[in-house]
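Q: Give me the fold of what follows.
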Amino acid sequence: MSTTPEEFIAHWTASRGNLRRFLEEHALPPVNDRAQRTAGEAAARAAFTAVADSYELEEEDFASGVATVSGAFQAADATQRAAGHNTTNPSPTPATSTAAFFDVDNTLIQGASIIVFATGLYRRKYFSLRELIPVAWKQLKFRVTGNENADDVEEGRQQALEFIKGRSVEELVTLCEDIVDTHMSDKIWPGTQALVQQHLDADDQVWLVSATPVQLAQILARKLGCTGALGTVAEVKDGRFTGRLVGDILHGPGKKHAVAALAAIEGLDLDTCTAYSDSINDVPMLTMVGHAVAVNPDRQLQKMAQLHEWPIEDYRSIRKAIKTFGLPAVLAAAVSLTWRVLRR
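A: Reported below is the predicted structural model:
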């Protein structure tokens, strides 16, 4: 995918004032005169390439990250308006070059947020039980094995995009508020929440970075007092979802692209930043910061954390349950619990 200077500028200027300042410092703004406009576009392209190179990213990957962050900022404004919050004087971003990036699924909350999201959609008749069962099965595999499958994650997010196609932003925000209040708040790992609070107390920026729908991630971030959240951004036209994706699905390398774009916007020094995750798939994000922490790690990440001497925090009990009661009993209990949730 080739990104033109105009598209680059449009992405940046569509979100925060920091983006405009970034352009002013790194590129000449195009003006009406053709020659000066050409020079400005060339400078914008040079700035784009230089920033991408500084994060060791291809131009198209950095462009995708820019699109994701810009889309997330726009979604945050729309979410606040839909939820009745004031957007004319938003809380200022902390004036710091240090940030903490938290994965959500199994790092901040128990299990995968997509199953909670999908269950909420199912209760409101967005789709049928037959369509929900494959999503529930993927979640069951994840909870039992502790290993996140990249294909399952991407398929789940694509399904979510299709499920909300044609729905209004206001409708989805209301749904996400309810999901966070009634089905996610009690799934937060207290230990991870304490880590979040430690960074907030130190005046660090704190960002949730998740493949979950960005509205859900941002509402959760607001409940925790975080700076913000990056998530999978669904395209919106005239206040309704089109079923198409903006930027990356924030999984694996997608998180690295988005964090690089965010770091450029916010002036973050990644060497002083910290990233938290449970999955080997998040190694691209974990290795781009100065401090990586494995939280409830899967087997592969546990090995890598031990190899690199990264701190490991484990708040889970399911593995202990398997050792105590055996896998068949735990599976039976999980199926029973899933059925009870679906019948609510």
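Q: what helices or strands is the biggest helix by length in the chain leaning on?
A: For the chain, the longest helix by residue count, based on DSSP state H, is helix 59-82. Packed against helix 59-82 by the contact rule (3 or more C-beta pairs under 8 Å, 6 or more residues apart in numbering; DSSP states H and E) you find helix 5-13, helix 34-54, helix 169-179, helix 214-224, strand 228-237, strand 240-246, helix 253-266. All C-beta spots, glycine's among them, are computed from the backbone N, C-alpha and C.
Q: How is the protein partitioned into domains?
A: Here the domain parsing of the chain from the TED database is 5-30, 62-329.
Q: Single out the most deeply packed of these.
A: Highest mean neighbour count among the domains of the chain (mean count of other C-beta atoms under 10 Å): domain 62-329, with a mean of 19.
Q: Report the mean confidence score over that domain.
A: On average, the pLDDT along domain 62-329 is 83.
Q: mind starting the numbering at 12 from now?
A: From this message on, residue numbering opens at 12, which makes the last subject domain 73-340.
Q: before we move on, the earlier item: quick one: the longest helix of the chain to helix 180-190, angle?
A: Put simply, helix 70-93 runs at 80 degrees to helix 180-190, going by axes from the mean of the first three to the mean of the last three C-alpha atoms, to 10 degrees.
Q: circling back: with distance to residue 66 as added columns, please give the domains of the chain in a markdown table.
A: Formatted as a markdown table, the domains of the chain follow (distance: least, C-beta to C-beta, whole Å):
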| stretch | distance to residue 66 |
| --- | --- |
| domain 16-41 | 14 |
| domain 73-340 | 4 |
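Q: Among the ones you listed, which comes closest to residue 57?
A: For these, the distance to residue 57 is smallest for domain 16-41, at 7.4 Å, taking C-beta to C-beta.
Q: for the closest one, what is the average pLDDT?
A: 51.
Q: just to revisit the earlier point, will you turn the helices and strands packed on helix 70-93 into TSV that also has distance to residue 136?
A: Shown next, in TSV, are the helices and strands packed on helix 70-93 (distance: least, C-beta to C-beta, whole Å):
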stretch	distance to residue 136
helix 16-24	35
helix 45-65	44
helix 180-190	12
helix 225-235	19
strand 239-248	19
strand 251-257	16
helix 264-277	31
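Q: who wins for proximity to residue 211 among the ones you listed?
A: Of all these, helix 225-235 sits nearest to residue 211, with 8.4 Å by C-beta to C-beta.
Q: Fine by me, we can end here.
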